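Engineer: show me the folded form of this:
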Amino acid sequence: MFERFTKDARAVVLGAVGHAERLDAQTVEEQHVLLALLDREASRGSFALTSLGLGGRRASVERALAEARRRGGLSRADTDALSGLGIDVAAIVSRVEEAHGEGALEAAKGGGGSRSGSAGKGEGDGSGDDGSVGKGNGKEHGKSGGRGRGWWAAFVGGHRPFAQGAKDLLTESLRIALAHQDRHIGDEHLLLALTARPGVPAEVLADHGVTYASLRRVLYGGGEAKAG
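Structural biologist: Below is the predicted model of the structure:
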C-alpha cells in the first residue's frame, strides 16, 4: 500500500511517530496523525485545513486533544453517554488527579489518549482487519528490523507500534482514495479518514469547523471533481 503514499502522506506518518515519541505514548494513535497533519505546509491537506479556517488555530486543537488525554482518551460523546448512566467523568478525573497528580489518567494510557488500545491484530502478519493492507507475512519487509513485521513497522523503522485505530485509519485512507478513483494516497485522504471515523480527532476537528462533508467540498467540489 505504501507505494501509493505521496511524499506528504509519508511525512505525516513519520510525523505521527515523532509526536507519539514527544508525548511519550506507547503507541502511535490517531491524534498523533492529526498533529502531524497540522505540521504540513503547501500540501492538499494543509490547503483544505486553511480553507476551512483551521490554519491559525493549532493551539486550540492541541488544547482540546490534551484535555481528551486527561480524560483517558474519552471523547465528549463518551462522557455524555457515561453521564447518562450517572457517571461524572469530570469528577472522577478530578479525584484521580488529586490522588496521583495532574495527567494521571493520561500517564496510565501511556500518553496515547485514544481508546483504540494496543497495536492489536495485524501487527505480526502485516494485515489489517480485512486483510487489505500489506497482505502476506511481512517477509518482503524483513530487512527493516525493528519491532513487528508489518508494513507499518518497516516504514517507520519500528520506533513505535501503531495502535489498531491508527492502522484502521490508514486502511480507511486507502478506501477513500479508491472511492474517489485517486491513484495516490495523499495527506488529504488521511485527513478525510480522520473525519470519517468516530473518536476524539474527528470530534475536535468538527468543533473547529472541519468535517468530512466540508473537506469533500473543498477537495472535490462537492464530490464530483477528481482530486489532482
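
Engineer: burial measure for Arg10, as a count.
Structural biologist: Number of residues near Arg10 (other C-beta atoms under 10 Å) recorded here: 15. Placement of C-beta: from N, CA and C, glycine included.

Engineer: how about Ala206?
Structural biologist: Neighbour count for Ala206, taken as other C-beta under 10 Å: 13.

Engineer: quick check: closest non-adjacent residue to Leu192.
Structural biologist: With C-beta to C-beta, 6 or more residues apart in numbering as the criterion, Leu192 has its nearest non-adjacent residue at 5.0 Å, and that residue is Ile176.

Engineer: and the pLDDT for the one you found?
Structural biologist: According to the prediction, Ile176 has pLDDT 96.

Engineer: three-state assignment of it?
Structural biologist: helix (DSSP: H, G, I helix; E, B strand; the rest coil).

Engineer: do Asp182 as well
Structural biologist: The local conformation at Asp182, judged by three-state DSSP, is coil.

Engineer: before we move on, the earlier item: contact partners for the residue nearest to Leu192?
Structural biologist: Contacts for Ile176 (C-beta atoms under 8 Å, 6 or more residues apart in numbering) come out as 189, 192-193, 196.

Engineer: roughly how far apart are it and Glu30?
Structural biologist: For Ile176, the distance to Glu30 under the criterion C-beta to C-beta, to the nearest Å works out to 15 Å.

Engineer: got it, and Leu54?
Structural biologist: With C-beta to C-beta as the criterion, Leu54 and Glu30 are 17 Å apart.

Engineer: more crowded one of those two?
Structural biologist: In this view Leu54 and Glu30 are compared by other C-beta under 10 Å, and Glu30 has more residues nearby, 28 against 19.

Engineer: hmm, back to that, and of the contacts of Ile176, the nearest to Leu35?
Structural biologist: Closest approach between these and Leu35, by C-beta to C-beta: Ala193, at 15.1 Å.

Engineer: which helix or strand contains the closest one?
Structural biologist: Of the helices and strands defined by DSSP states H and E, Ala193 is found in helix 187-196.

Engineer: averaged pLDDT, the very next helix or strand once past that helix. What do you get?
Structural biologist: Elements were assigned by DSSP H and E; along the chain past helix 187-196, the next helix or strand is helix 200-207. Averaging the model's pLDDT scores along helix 200-207 yields 94.

Engineer: tell me what the following helix or strand past helix 200-207 is packed against?
Structural biologist: Read in the C-terminal direction, the helix or strand following helix 200-207 is helix 212-220, with elements assigned using DSSP H and E. Packing partners of helix 212-220 (3 or more C-beta pairs under 8 Å, 6 or more residues apart in numbering; DSSP states H and E): helix 44-51, helix 187-196.

Engineer: the last one vs helix 200-207, what angle?
Structural biologist: Translated: helix 187-196. Interaxial angle, helix 187-196 versus helix 200-207 (axes from the mean of the first three to the mean of the last three C-alpha atoms, to 10 degrees): 90 degrees.

Engineer: alpha carbons only: can I get helix 187-196 in CSV?
Structural biologist: What follows is helix 187-196, C-alpha atoms only, in CSV (Å, rounded to 0.1, in the frame of the first residue of the first chain):
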residue,chain,number,x,y,z
ASP,A,187,-2.4,13.7,3.2
GLU,A,188,-5.8,14.8,2.2
HIS,A,189,-7.0,11.2,2.3
LEU,A,190,-5.6,10.8,5.7
LEU,A,191,-7.4,13.9,6.8
LEU,A,192,-10.7,12.7,5.3
ALA,A,193,-10.2,9.3,7.0
LEU,A,194,-9.8,11.1,10.4
THR,A,195,-13.1,12.9,9.9
ALA,A,196,-14.9,9.8,8.7
